[in-house]
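Chemist: How does the following fold in three dimensions:
(one chain, ligands or ions: 2)
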Amino acid sequence: MNILVCGGAGYIGSHVVRQLQKKGYEVLVLDNLINGHLSAVDGVPFVKADITDKQALQEVFSRNSIDAVMHFAAFSIVGESMSKPGLYYRNNVLGTLNLLEAMRENKVSKLIFSSTAAVYGEPEEIPICEEHRTKPTNPYGATKLAVEEMLNWFNHAYGLNYVSLRYFNAAGADESGDIGEDHNPETHLIPLVLKTALGVLPEIKIFGTDYPTPDGTCLRDYIHVNDLADAHIMGLQSLSGGGQSTIFNLGNGNGFSVKEIIETARKVTGKPIQAVETDRRTGDPAVLVASSEKIKQELGWQPRYGDIEQIISSAWRWHQRNFN
Ligand SMILES: NC(=O)c1ccc[n+]([C@@H]2O[C@H](COP(=O)([O-])OP(=O)(O)OC[C@H]3O[C@@H](n4cnc5c(N)ncnc54)[C@H](O)[C@@H]3O)[C@@H](O)[C@H]2O)c1
Ligand SMILES: O=c1ccn([C@@H]2O[C@H](COP(=O)(O)OP(=O)(O)O[C@H]3O[C@H](CO)[C@@H](O)[C@H](O)[C@H]3O)[C@@H](O)[C@H]2O)c(=O)[nH]1
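Modeler: Ligands and ions are numbered 1, 2, ... in the order given. Okay, here's the model as predicted:
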C-alpha cells in the first residue's frame, strides 16, 4: 500500500513514517518544512509542498499512486492560535479542505487524521471519552473540530472513510534515539524540562500551582509517540478491512502533574533541574485524562509505553544526543 504522509517530517509524523516502513508500507512524505526536519525522514521519498497550495497537491496526487493518506500537517501552538486565529484556520482548515478535495478528485478514500484533546475544551468529566461534549476554548481546538465536522460530511457525500485520532499529550522518542521532538519554538513540558536538565535552558517554569489538583499543578495524560504510531497503523488496517469511519481518543489513562513530570525527569536524568513557580498560562485546563477504552475494544490497541519513566527516558536519550 502507498501512503501519503502529510506533515511527515514533523515530530509525530516522522515516528509514524518509521513504523509504516517497518511494517512494509510504501511511504511518500509531503511537508512544507515550516516546522519539520528533512533529517527526520532521511532516505524516505519526499516532496516539499504546502497543503494550502491546491495545485501543488493536485500534482502530487496525479504523479503518484496513493492508496491512503495520513494527515499530520497543521499548526498546533495553542497560545499562537489565540493571537493569530486566521493563520490557524487557513493552514489547518483550508489546507485540509484542499487535501480532501484532492483525495476526492483522485479517488483516494482512506484518511487517518491527527485530532486533539483540545476539541473538548474544559472537561466536565474525567476520564474523557469520545462522547464527551466538544467545546474548544481556543482556535487551535476549533480548527481541529471543524475538520472533524468536514470529515463527517465528506463521508456522507463522497464516501471518504476516516479515522480521527484525538491525541492527548504526545511525548517520548523512538528507541533508536535518532528522531525525537524538535519544535522551534518549543512549548511542550517534557522537552523543556529535558533542555533544562542539559543546561540549554536555565530553568523550567511551572505554570500555576493553584489548580484544584493534589499538588496544585495541572494533570496531563502523556502518550508515547510510538503508541500513537501503532494506533495510526491499526486505524489504517481497519479502514482497509472495511471498518467504519470513527473517532478515537489516545491516551494512557493516567494523569501526571507538572511537578511529577519534573521530579521523574530529575530521577531519569540524575540532574537537579531548576524549577520556578509562576502564574498560570491562560487557557490551560486543570486536568486532561483520556479514556481510550473505545480504541482498545474496537481495534485491540494497547499502549506499549504505559510508564511515565519509560516515556521520559526515551525522550532523554534523544535530547542527550541532539542538544548536548
Ligand atoms: N504534539 C502533540 O502533543 C499533539 C497533540 C494533539 C494533536 N497533535 C496534532 O498532531 C499533528 C502533528 O503534531 P506534531 O507535534 O508532530 O507537530 P509538528 O509541527 O512537529 O509537525 C507538523 C508538520 O506539518 C508540517 N506542516 C505544517 N503546515 C503545513 C502545510 N501547510 N503544508 C505542508 N506541511 C505543513 C510542518 O512542517 C511539520 O513538519 C498536528 O496536526 C497536531 O495538531 C499534536
Ligand atoms: O514550560 C512549561 C510548559 C508547560 N507547562 C505545563 O505543562 C502542562 C503540559 O503543557 P504542554 O506540554 O504545553 O501541553 P498541553 O498544553 O497540555 O497541550 C498538548 O496536549 C494537548 C492535549 O492534552 C493537545 O491538545 C495539544 O495539542 C498539545 O500541545 C500544562 O499544564 C502546562 O501549563 C509548564 O508548567 N511549563
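
Chemist: Backbone dihedrals for the residue of the stretch 101-250 of the chain at minimum distance from ligand 2, both of them.
Modeler: In the stretch 101-250 of the chain, the residue that lies nearest ligand 2 is Cys218 (3.1 Å; Cβ to the nearest ligand atom). Placement of C-beta: from N, CA and C, glycine included. Main-chain dihedrals, Cys218, degrees, to the nearest 10: phi -70, psi 150.

Chemist: wait, it sits on Ser257?
Modeler: Yes - the criterion here is Cβ atoms under 8 Å, and Cys218 meets it with Ser257 at 6.7 Å.

Chemist: quick one, which of these two is more surrounded?
Modeler: Set Cys218 next to Ser257 and count neighbours by other Cβ atoms under 10 Å: Cys218 wins out with 25 against 20.

Chemist: where does the more buried one land on pLDDT?
Modeler: Cys218 carries a pLDDT value of 97.

Chemist: ok, now which ones touch it?
Modeler: 207-208, 211, 257-258, 284-288 (Cβ atoms under 8 Å, 6 or more residues apart in numbering).

Chemist: Just give the number of residues close to Ile34.
Modeler: Using other Cβ under 10 Å, the number of residues around Ile34 comes to 12.

Chemist: Kindly report the same for Lys54.
Modeler: Using other Cβ under 10 Å, Lys54 has 16 neighbouring residues.

Chemist: contacting residues for the closest residue to it other than its chain neighbours?
Modeler: Sequence neighbours aside, Asn98 is the residue nearest to Lys54 in space, at 4.8 Å (criterion: Cβ to Cβ, 6 or more residues apart in numbering). By Cβ under 8 Å, 6+ apart, the contact set of Asn98 is 51-54, 57.

Chemist: which among the residues you listed are in contact with ligand 1?
Modeler: Near ligand 1, judged by Cβ under 6 Å from any ligand atom, the entries from those are 51-52.

Chemist: check whether the helix or strand of the chain with the lowest mean pLDDT contacts ligand 1.
Modeler: Counting by mean pLDDT, DSSP states H and E, the weakest-scoring helix or strand in the chain turns out to be helix 78-83, with a mean of 92. No - in terms of Cβ under 6 Å from any ligand atom, no part of helix 78-83 sits within range of ligand 1; the closest distance is 10.0 Å.

Chemist: looking at it, Ala286 is touching Thr213, isn't it?
Modeler: Yes - taking contacts as Cβ under 8 Å, Ala286 lies within contact range of Thr213: 5.8 Å.

Chemist: how about the residues of the stretch 1-150 of the chain near ligand 1?
Modeler: Residues of the stretch 1-150 of the chain lying near ligand 1 by Cβ under 6 Å from any ligand atom: 7, 9-13, 31-36, 50-52, 72-74, 76, 91, 95, 114, 116.

Chemist: give me that answer again for 8 Å
Modeler: Counting by Cβ under 8 Å from any ligand atom, the residues of the stretch 1-150 of the chain close to ligand 1 are 6-14, 30-37, 49-53, 71-76, 91-92, 95, 114-118, 140, 144.
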